[in-house]
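Novice: build me a model from this:
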Amino acid sequence: IKRITDIISIQQSLLHQQQDERFAIKFALLDAQKTLKQIITGHKITVIIDLDSNAEYITAPRNQFMQIIINLLKNAAEAIMVKQKQSKGADSPPNTITINSRLTDNGTIIEVIDTGIGIEQSATEHLFKFGYTTKQNGNGFGLHFAAVFMQSIDGTITVSSLPENRGTIFSMTFPAKKGK
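Specialist: From the prediction side, this is the model:
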């Protein structure tokens with residue numbers, strides 16, 4: 001219980017320390033990828049970064065963005081690892097995590113798409129709830145933190161699972177900042 005209390009306290013303090021800054025999405029993604037290099041390379045996972053030239057920058061608290069993107073990449077890699085273990089050499093799609101961005105009237109959308117095991121449709125409606133996890137050793141804090149953070153900046157985060165266990169798409173919308 002002490003660990004849970006500590007994590008909640010850290011998350012809440014981070015949300016109150018938000019400082020918007022304009023930063024290049026690509027460099028933040030490359031930093032996140034480096035953090036998870038051992039998992040990604042060790043499981044022969046390819047990360048593809050495909051950013052729209054009109055959506056190369058966002059204005060948001062960079063530290064919180066990094067926490068969220070690292071969590072989403074880690075979850076994607078773990079979903080691919082589960083699929084690798086289940087398929088054991090069977091014909092399956094490449095082990096790929098694709099991150100793309102595009103600019104819309106509402107802001108910048110960043111998607112993290114994996115070719116992992118996917119998420120059961122019944123679980124998608126609970127994923128962002130505090131303490132909910134689909135993983136045996138999960139704690140249910142990462143996606144909850146992502147949802148709380150995105151809501152705090154007037155953004156959104158959604159999830160959809162591709163049919164036939166072909167992966168998952170997490171989509172984050174960072175609102176357009178007026179005058180920036």
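Novice: burial count for residue 108?
Specialist: By other C-beta atoms under 10 Å, 25 other residues sit near residue 108. No exception for glycine: its C-beta is placed from N, CA and C like everyone else's.
Novice: give me the helix or strand of this structure that scores worst on average pLDDT.
Specialist: helix 2-16 (a mean of 58; mean pLDDT, DSSP states H and E).
Novice: which residues touch the residue nearest to the spatial centre of the chain?
Specialist: For the chain, the residue nearest the mean C-alpha position is residue 72 (2.6 Å; C-alpha atoms, centre = their mean). Residue 72 makes contact with 112, 146, 170 under the criterion C-beta atoms under 8 Å, 6 or more residues apart in numbering.
Novice: you'd agree the last one is in a strand?
Specialist: Yes: counting by DSSP: H, G, I helix; E, B strand; the rest coil, residue 170 is part of a strand.
Novice: give me the number of residues near it?
Specialist: Neighbours around residue 170, by other C-beta under 10 Å: 25.
Novice: list the contacts for it?
Specialist: Residues in contact with residue 170 (C-beta under 8 Å, 6+ apart) are 72, 111-113, 157-159.
Novice: show me which residues of the longest helix belonging to the chain are buried.
Specialist: Of all segments of type helix in the chain, defined using DSSP state H, the longest is helix 62-87. Residues 62, 64-81, 83-84 are the ones in helix 62-87 that count as buried (16 or more other C-beta atoms under 10 Å).
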